[in-house]
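>>> Sequence and predicted structure, then a few things I'm wondering about:
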Amino acid sequence: MESALRILSHRKSKKLPMTTEILFNFLQSLDGSLVDTKCMAMALLAYARFLRFDELSNLRLMDVTAHPTYLFLAIY
């Protein structure tokens, strides 16, 4: 029974990790609009803080506190 389930199961595709090269190419593809700037800021924040998508998408402005030398993120 277990072997039949293994044969019928779909393999999960492994996602490649984000690299600085991917981020650089993404930055080069943007046109500088406000929406593009927001997308790039979110991508850099997620990359720098190792955030998962759900953690990033649930952030609100009140969860981010800017200090002169760092950002404080309240992640719940």
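Happy to help now that I have it.
>>> Now stretch 16-26: buried residues?
By neighbour count on 16 or more other C-beta atoms under 10 Å, the buried set for stretch 16-26 is Leu23. Where C-beta positions appear, they are placed from N, C-alpha and C, glycine not excepted.
>>> How about stretch 58-74?
For stretch 58-74, the neighbour count (16+ other C-beta under 10 Å) marks Leu59 as buried.
>>> So for it, mean pLDDT?
Per-residue pLDDT over stretch 58-74 has a mean of 91.
>>> got the contact list for it?
With C-beta atoms under 8 Å, 6 or more residues apart in numbering as the test, stretch 58-74 has contacts from 45, 49, 75-76.
>>> Which of those residues fall in helices?
By the criterion of DSSP state H, membership of these in helices covers 45, 49.
>>> So which of the contacts of stretch 58-74 is surrounded by the most neighbours?
Most neighbours among those, by other C-beta atoms under 10 Å: Leu45, with 15 neighbours.
>>> Got the confidence number for it?
Leu45 carries a pLDDT value of 88.
>>> From here on, call the first residue 300.
With 300 as the first residue, the last one maps to Leu344.
>>> and the host helix or strand of Lys337, what does it pack onto?
Using DSSP states H and E, Lys337 sits within helix 333-348. The helices and strands touching helix 333-348, judged by 3 or more C-beta pairs under 8 Å, 6 or more residues apart in numbering; DSSP states H and E, are helix 319-328, helix 352-356.
>>> make it 10 Å
helix 319-328, helix 352-356, strand 370-372 (3 or more C-beta pairs under 10 Å, 6 or more residues apart in numbering; DSSP states H and E).
>>> gap between the residue sitting nearest the centre point of the chain and Arg310?
By C-alpha atoms, centre = their mean, the chain has its centre lying nearest to Ala345, at 4.2 Å. Computed as C-beta to C-beta, to the nearest Å, the Ala345 to Arg310 distance reads 26 Å.
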